[in-house]
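J.: Next input, structure requested:
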Amino acid sequence: MFKQLPEEKKDLIKPLYKKHQPNCSALSCYFEGKMPGKAYVDDINAPTKAICRLEMSWTYISDDADLSWIEEVLGELVKTTWMQVVWVPERKGQYPLKDIAKPFPRLEYIERKKEQKEPCKVDIYQLPYTKEFYATVPDGYKEWHVQNYGSIEEFFNKAWGFYAVDNGKVCAESEGAFMSGGYAEMGIYTFEEYRNRGFAYALCLRTIQELEKIGIKPIWACDKKNIESDRLAQRLGYVNPLEYEFVYLEPHN
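T.: Numbers count the residues shown, from 1 in each chain. Next comes the predicted model:
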């Protein structure tokens, strides 16, 4: 049995997430009201189990939720929506809805030591873009901004990070996304024609250093099979990754 928790009661479930959750800053954004989402619980007035699905699909399960209840909730939600369920290491091998679940190994880096090398020289500017430089960003990437922020205007208002410029054109963008609870999630995109030239390394290092200056720990998370992202993280000084999983659930009746 489960019910959707009224938004004004979401503080009741925050204590149910005492253990570390990978990609924790996005969940923290939900609790702070920065990220839209919905929560489902076993008891509206005195919940002991919860599942939070953020609007952008990441889904978080509370520490003490049992597998049968998880399956009940996800089995109903998956009829109308898709989810990327953050699956903590201690749950590995015990997946909900096995007939349709697709687990993908992930890595999360939080601990960082000294970076491996000095960055290349490239012009770096802090977001938001100037109109002149934003005109050089590919349309497909602008669509990604709309997808993540709701509109170009919201991207300009909310995005925190830096972009690199080579010969008058934007060549890469790095963000500290989901800034909350003392953490932010690193994001990087290098436009194809500028890859393998050191721009991503230089830009990410600048973003990381600026986050650290203001007391924010930058999280680096990626699919385990994304070898290039993993290598970049290690060159930037990240060590001792946590291995966890995303369980992908596509709409299924």
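J.: drop to CA atoms for contacts and neighbour counts, all remaining ones
T.: Noted.
J.: What is the end-to-end distance of stretch 129-146?
T.: Its start and end residues considered, stretch 129-146 measures 15 Å (CA to CA, to the nearest Å).
J.: ok now it, how far from the chain's centre?
T.: Distance of stretch 129-146 from the chain centroid (CA atoms, centre = their mean, to the nearest Å) equals 21 Å.
J.: which residues in the chain form strands?
T.: 3-4, 37-41, 50-54, 58-61, 83-87, 102-109, 123-126, 161-166, 169-180, 183-190, 217-223, 242-249 (DSSP state E).
J.: Parallel or antiparallel, list what pairs with the shortest one.
T.: Pointing back at strand 3-4 there. Using DSSP bridges, strand 3-4 pairs in its sheet with strand 37-41 (antiparallel).
J.: how about JSON lines for the strands of the chain, with distance to I208, mean pLDDT and mean neighbour count added?
T.: JSON lines is the format used below for these (distance: least, CA to CA, whole Å; pLDDT from 0 to 100; neighbours: other CA atoms under 10 Å):
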{"stretch": "strand 3-4", "distance to I208": "37", "mean pLDDT": "98", "mean neighbour count": "14"}
{"stretch": "strand 37-41", "distance to I208": "28", "mean pLDDT": "97", "mean neighbour count": "20"}
{"stretch": "strand 50-54", "distance to I208": "25", "mean pLDDT": "97", "mean neighbour count": "25"}
{"stretch": "strand 58-61", "distance to I208": "23", "mean pLDDT": "98", "mean neighbour count": "23"}
{"stretch": "strand 83-87", "distance to I208": "24", "mean pLDDT": "98", "mean neighbour count": "23"}
{"stretch": "strand 102-109", "distance to I208": "13", "mean pLDDT": "98", "mean neighbour count": "19"}
{"stretch": "strand 123-126", "distance to I208": "13", "mean pLDDT": "96", "mean neighbour count": "17"}
{"stretch": "strand 161-166", "distance to I208": "9", "mean pLDDT": "95", "mean neighbour count": "21"}
{"stretch": "strand 169-180", "distance to I208": "8", "mean pLDDT": "94", "mean neighbour count": "22"}
{"stretch": "strand 183-190", "distance to I208": "8", "mean pLDDT": "95", "mean neighbour count": "20"}
{"stretch": "strand 217-223", "distance to I208": "6", "mean pLDDT": "97", "mean neighbour count": "23"}
{"stretch": "strand 242-249", "distance to I208": "19", "mean pLDDT": "98", "mean neighbour count": "21"}
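J.: count of residues packed around N226?
T.: Using other CA atoms under 10 Å, the number of residues around N226 comes to 11.
J.: From S57, how far out is it?
T.: Counting by CA to CA - N226 and S57 are separated by 20 Å.
J.: again, but for K79
T.: K79 is 14 Å from S57, by CA to CA.
J.: neighbour count winner among these two?
T.: Remark: of K79 and S57, S57 carries more neighbours, 16 against 13, as counted by other CA under 10 Å.
J.: I figured that one hits M83, correct?
T.: Yes: distance between S57 and M83: 4.8 Å, which falls inside the contact criterion (CA atoms under 8 Å).
J.: Y109 and W220 touch, don't they?
T.: Yes: counting by CA under 8 Å, W220 is a contact partner of Y109 at 4.9 Å.
J.: Can you work out which residues contact both of the two?
T.: A233 (CA atoms under 8 Å, 6 or more residues apart in numbering).
J.: on contacts alone, who are the packing partners of the helix or strand bottoming out on mean pLDDT in the chain?
T.: Scoring the helices and strands of the chain by mean pLDDT, DSSP states H and E places helix 139-149 at the bottom, with a mean of 85. Under the contact criterion of 3 or more CA pairs under 8 Å, 6 or more residues apart in numbering; DSSP states H and E, helix 139-149 touches helix 152-158.
J.: what residues does the helix it packs on touch?
T.: Residues contacting helix 152-158 (CA under 8 Å, 6+ apart): 127-129, 142, 145-146, 149.
J.: just how off-centre is it within its chain?
T.: 18 Å.
J.: Can you show me the CA trace of that helix as PDB?
T.: The C-alpha trace of helix 152-158 is given here as PDB (Å, rounded to 0.1, in the frame of the first residue of the first chain):
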ATOM      1  CA  ILE A 152      16.700  29.200 -22.400                       C
ATOM      2  CA  GLU A 153      15.700  32.000 -20.000                       C
ATOM      3  CA  GLU A 154      15.800  29.600 -17.000                       C
ATOM      4  CA  PHE A 155      19.200  28.300 -18.200                       C
ATOM      5  CA  PHE A 156      20.600  31.800 -18.300                       C
ATOM      6  CA  ASN A 157      19.100  32.500 -14.800                       C
ATOM      7  CA  LYS A 158      20.100  29.300 -13.000                       C
END
